[in-house]
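>>> Just the structure for this:
(chains A and B)
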Amino acid sequence: MAGEKSEILQGTLDLMVLKTLETMGPLHGYGVARRIEQISEDALQINQGTIYASLVRLTQRGWISGAWGTSDNNRKAKFYSITRAGRKQLNTEAQNWERISNVIGRVLGTAERG
Amino acid sequence: MFAWIKALSSRALAWLSPRHVDQEFEQELDAHLDMLTDENVRRGMAPEEARRAARVRLGGHTQLRETNRELQGLPMLETFFQDTRYALRMLRKNPGFTAVAVLTLALGIGANTAIFSIVYAVLLKPLPFTNPDQLFTAFQANTQLGIAETGCSYPNFEEWRSQNHVFSELAGIVAHQLTLTGRGEPSVVNTSVVTPELFALLDVKPLAGRIFFPQDGKQDAAPVVLVSEDLWRGRFGADPKIIGTSIDLDKRPFTVIGIIPAAFRTPFFNTKQEVWIPLVEDPVFSTFMPKRGVHLLPALGRLKAGISVAQAQAEMDAISGRLAGEFPAENSGWTVRLVPLQKEIVGEVRTELLVLLGAVGLVLLIACANIANLLLSRATSRSKEIAVRTALGAGRVRIIRQLLSETAVLGLLGGTVGIALSYWGVQALSSLLPSSLPQMNPIRVDYFVLGFALLLSAIAGVAFGLVPAMFAANADIQNTLREGPRSGESRNRRRARGFLAVAEISLAMVLLVTAGLLLRSFARLTSVSPGFDAQHIVKADISLPQFQYSTPQQWAAFSEELLARIQSDPGLQDSAVVVPRPIVDLNVNLPFDIVGNPPSSEGASRTASYVSVSPDYFRVMGIPLLAGRVFHQHDVSSAPRVSIISEAMARLYFPNQNPLGKQITFGYPRGSGGATREIIGIVGDVRDVALGQDPGAIMYVPFAQAPFWGANLVVKSALSTSSVAAAIRQEVQKIDKDLPVTDVAMMSDVIQASVAAPRFRMFLLGLFAVMALVLAATGIFGVISYSVSRRTNEIGIRVALGASRHTILRMILRETLLLTFAGLAVGLPSALAASHLLGHMLFNVSANDPATLAAVAFVLAAVAALAGYIPARRAMRVDPMVALRYE
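Numbers count the residues shown, from 1 in each chain, chains lettered A, B, ... in the order given. Below is the predicted model of the structure:
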């Protein structure tokens, strides 16, 4: 039932989550959401809850793993960290992303010139 | 790929512990909310407001939880289970509907599975030999003589075998019966006479001992025999030391060298073979071995790997061309025909089985149409439920899926009961199967057939479910919800129901017409006069062991003595010897020439059935003498050679002449200088080959002048078969205690058995037609009663406005007959098309026999009218007050 648009978004979000976990190390859902908001300078307005769907998907595929721990202010939270398979996947995906965005950039550029 | 599998297994794990998944997710969300709230508080919000803002930021709690559940479980599977559970509940809630639908479907699936098990075993399943698609039969054909398919001569077979490069092996095979004596009662055994290569060619592993070696086929080899497992277990009590001992066949000792497993089927022969001997040892066929002109031995070959049929045919053509040049007298005009073994074994049965399969398929179609109709009417009464579901947010696809789950469950239930029925059906069928049906593979419900049945029930489930489901999903919610389910059904839906009823009637018509034609054909076939009086005639066979009774003089003397003894018994005076008997024995067709007439050209050869009879034969069988005289005691071998011909032969070969006194010459093989005989009488025609075949030209010769190595007796007696058999046995044993008397039966029974195949067809198609008729009738009944119940309100108004009961009755009956006639109109051309497929299965009945068509149309219309009359009467009794208050 997922439309095409949301699927692209879904993949994009998954990629961002992976990248965040790679740079930041283990983080809980709240931390991931905050980090993405900060980086995107609040250009990406999402319900923070949406991040959990992404975390479930990535866990199921074995790209991240989660474990319960204690946060800075002593709250019990589930911390996610990227796995080796996840790093590999991130690498591939990032290259893909680069290539696609290049292509799209070129196409849009030509269209403007023509 | 790997990640995908991981995801699925993780989902499956989560699905197994949904509560745990939920709890963990709740904790995570709680932690998140707390952290958000903390931050908001740090930014200076009041705690209450901070909490609220955090909730907004996180998103709808319920929605998040639902998404999580969907992600963490197996939603497809869950929906499936949910639908199935719901379907079962719905079916349980409507036991009447469920019972009718399951039973209807079970009958359809059961009948289809049973018939398919035959089709599969006979037509589809590979023959039970190694690489069966390499097996071909090699026949000889001669278009000039009009011979499409016959065996080859042994000398030709040897040349084929040594000269060809396309077959890895060739073997020749014929069969007949020999007398088995010693070790218990003398009996007659089905004997395959083969060249030694047969078993190696078919890759047969003996149960014990060995198969034939090439040296067993040499001229001076010691006689050896292979026995079947059944014979070994039955007659020889599974004697473990049988290998190496000897048994007597036609009074000659053969050494048993091996036991052939019971599962082995000898190609070409439907009857179970009991012993196999090398061709060179056979008392009858070995005498033909040196004769190049005697075409008796069908050959079986295994193509070498990588050789195509075309290559093989080209090679065999070349060889037969060479042989024709080398031996023009015996081989000119003779060619080789290669036929795949399976095709040769199946023969004409193929069309007959496909007709049966088609017919039983139609029954299933009608059953599906019936259930679809039931579902349509139920869907109408369930429209409110569907409307509520749609209003609550169920999509079209979701609704269709749920309804299809219901019909799929129904389909599987019906299929399961049907499969159970089919086991029983196959058992019932196997006792009815005509012996002409080749059974190389056992007929049973095996895994393949089971798979077919399950597939069929799944397809049926979707087939009868899809249309109603789509109608249901398209329903107009607003109107349904506003007016309730009792409002009139949509026009489209009514049209669909009408269409289904019409389809049922037309399909039923196809089946009824074909069944009617077969019935009529069978009635004609069994009422046709065979040309003799089969009542009270007992037949019995006495075969003389070849190695003991080896000369024609011995044969003649034996039968003379036997007849004299039997006829001296007061109950058995009317007895005669005849080889071969009409219909029950294979006929022998011989070419002949008429002395004084120019010899027939090769293209138009004169042939007639050759029958050797004792003098009383015509009287015993009630065959009328039309001119001249019958044979008498003085027509012995020393007397002038005489012959009696049948009316058909006189008409065919002596047009506008008196055949009496003319002389004919025949012998086998042709041109070998056979005897010349004077025609001394003309007798009435006899159907010599089969009841369904017109009487052919027959020439009779005195048994004393042309004896065979046995006596095929016919005895007309008022006594019972068993006492006749006992009397004959007693007389035979007085002459020779080792002679078995076999195949004792009433002639009329044997003739009945000869039409087993058409009877089987007629019975099955008749059964299917009755099923179709009942289904179509219930279909019409359902449609009309439903229509009446829908229209109760309208009928009430009509009655209130002054319509008489008869007007109402007429109105409902008109609706019924309209459907019926539409069905007949569609059914007629379809039935005609189908009946032409019957082709040769019809005897003396035209495929568009008007009487059958009219009778079927009448029966269908009458049954339909009756089916419509019952609800129509109910309509007639509608009380306007009740009807109007009904809503």
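
>>> Show the secondary-structure elements that the longest helix seen in chain A is packed against.
For chain A, the helix with the greatest residue count under DSSP state H is helix A:84-113. Using 3 or more CB pairs under 8 Å, 6 or more residues apart in numbering or on different chains; DSSP states H and E, the elements in contact with helix A:84-113 are helix A:4-24. No exception for glycine: its C-beta is placed from N, CA and C like everyone else's.

>>> Parallel or antiparallel, which strands does the following helix or strand past the helix it packs on pair with?
Next along the chain after helix A:4-24, taking DSSP states H and E as the criterion, comes strand A:27-28. The strands that strand A:27-28 pairs with in its sheet are strand A:76-82 (antiparallel) (by DSSP bridges).

>>> can you pull the buried residues of the partner strand?
Burial within strand A:76-82, assessed by neighbour count using 16 or more other CB atoms under 10 Å in any protein chain shown, is assigned to A:77-80, A:82.

>>> Specify the angle between it and helix A:84-113 in degrees.
Angle, strand A:76-82 to helix A:84-113, by axes from the mean of the first three to the mean of the last three CA atoms, to 10 degrees: 70 degrees.

>>> Let me see the residues that make contact with strand A:76-82.
A:18, A:21-22, A:25-30, A:32, A:55, A:58-59, A:63-71, A:90, B:24, B:27-28, B:31-32, B:35 (CB atoms under 8 Å, 6 or more residues apart in numbering or on different chains).

>>> could you redo the last one with a cut-off of 7 Å?
A:18, A:21-22, A:25-29, A:55, A:63-71, B:28, B:31 (CB atoms under 7 Å, 6 or more residues apart in numbering or on different chains).

>>> Please apply the same query to stretch B:40-53.
For stretch B:40-53, the surrounding residues in contact (CB under 7 Å, 6+ apart) are B:37, B:54.

>>> and it, how far apart are its ends?
End-to-end distance for stretch B:40-53, by CA to CA, to the nearest Å: 8 Å.

>>> picking up where we left off before, let's have the buried residues of strand A:76-82 in a markdown table, adding distance to B:A463 and pLDDT.
Formatted as a markdown table, those follow (distance: CB to CB, whole Å; pLDDT from 0 to 100):
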| residue | distance to B:A463 | pLDDT |
| --- | --- | --- |
| A:A77 | 55 | 86 |
| A:K78 | 50 | 88 |
| A:F79 | 55 | 90 |
| A:Y80 | 50 | 92 |
| A:I82 | 51 | 91 |
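
>>> Looking at the residues you listed, spot the one nearest B:R885.
A:K78 (65.6 Å; CB to CB).

>>> what bridges to that closest one?
Bridge pairing for A:K78 (DSSP bridges) gives the partners A:W68.

>>> ditto for the one 4 residues further on
Here A:I82 sits in beta bridges with A:I64, going by DSSP bridges.

>>> And it, how close does it get to B:W4?
Distance, A:I82 to B:W4, using CB to CB, to the nearest Å: 19 Å.

>>> same thing with B:N370?
44 Å.

>>> which of these two has more neighbours?
B:N370 (27 against 10; other CB atoms under 10 Å in any protein chain shown).

>>> Show the pLDDT at that one.
The model reports B:N370 with a pLDDT of 89.

>>> ok, and the closest non-adjacent residue to B:V686?
Using CB to CB, 6 or more residues apart in numbering or on different chains and skipping the chain neighbours, the partner closest in space to B:V686 is B:G531 (3.6 Å).

>>> same deal with B:A556?
Per CB to CB, 6+ apart, closest to B:A556 is B:P707, 4.1 Å.

>>> Enumerate every residue touching that neighbour.
For B:P707, the contact set (CB under 7 Å, 6+ apart) comprises B:552, B:555-556, B:559, B:612.

>>> repeat for B:L374
Contacts of B:L374 by CB under 7 Å, 6+ apart are B:97, B:100-101, B:782.

>>> can you rerun that using 10 Å?
Counting by CB atoms under 10 Å, 6 or more residues apart in numbering or on different chains, B:L374 touches B:94, B:97, B:100-101, B:104, B:410, B:464, B:468, B:500, B:778-779, B:782-783, B:786.
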